[in-house]
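>>> What follows is a predicted protein model with its sequence.
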Amino acid sequence: MRERGASVNILVIRHVMRAVFLADCPALLDTLKLSNGFVSSWAHDEMQYSWRRRTTAASKLPLDWRDQGVDMAKRIAYNI
């Protein structure tokens, strides 16, 4: 998934782990809790993943965000 550029986070890893456990050994899910801490530690220890810190810069809108949106829509319409 990562080689294709997909974003891999704790939720994705948890779903894949659950699917593998259900297919191979469903009894493990009775005793094993796939908590955020467990999945995060496992991904870090076993797969050498490092989690990126989130930034707040992406959540700040520029003052002219509406104008930029209109300009983008015009570029898309022109290219279509």
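Yep, it's here. Residues are numbered from 1 along each chain as shown.
>>> What's the local residue count around Glu3?
5 (other C-beta atoms under 10 Å). Every C-beta, even on glycine, is put in place using the N, C-alpha and C of the backbone.
>>> For it, give me the pLDDT.
pLDDT for Glu3: 72.
>>> ok, now how distant is it from Asp24?
23 Å (C-beta to C-beta, to the nearest Å).
>>> again with Asp45
For Asp45 relative to Asp24 (C-beta to C-beta), the value is 20 Å.
>>> What of Ser50?
27 Å.
>>> Equivalent analysis for Ala43, please.
Taken as C-beta to C-beta, the span from Ala43 to Asp24 is 19 Å.
>>> Could you do Arg4 as well?
Arg4 is 24 Å from Asp24, by C-beta to C-beta.
>>> quick one, which of these two is more surrounded?
Using other C-beta under 10 Å, the more surrounded residue of Arg4 and Asp24 is Asp24, with 8 against 5.
>>> Let me see the confidence value for that one.
pLDDT recorded at Asp24 is 90.
>>> oh, and call the first residue 70 from now on, that's how I've got it
OK, 70 is where the count begins now, so the last one is Asp93.
>>> Restricting to C-alpha, output the helix or strand hosting Ile145 in CSV.
Here Ile145, judged by DSSP states H and E, is contained in helix 134-148. This file holds the C-alpha atoms of helix 134-148, laid out as CSV (Å, rounded to 0.1, in the frame of the first residue of the first chain):
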residue,chain,number,x,y,z
TRP,A,134,-9.4,31.4,-0.4
ARG,A,135,-12.8,32.0,-2.2
ASP,A,136,-11.1,33.7,-5.1
GLN,A,137,-8.6,30.9,-5.3
GLY,A,138,-11.4,28.4,-5.4
VAL,A,139,-13.2,30.3,-8.2
ASP,A,140,-10.0,30.5,-10.2
MET,A,141,-9.4,26.7,-9.7
ALA,A,142,-12.9,26.0,-10.9
LYS,A,143,-12.4,28.1,-14.0
ARG,A,144,-9.1,26.3,-14.8
ILE,A,145,-10.8,23.0,-14.4
ALA,A,146,-13.7,24.1,-16.6
TYR,A,147,-11.3,25.4,-19.3
ASN,A,148,-9.3,22.1,-19.3
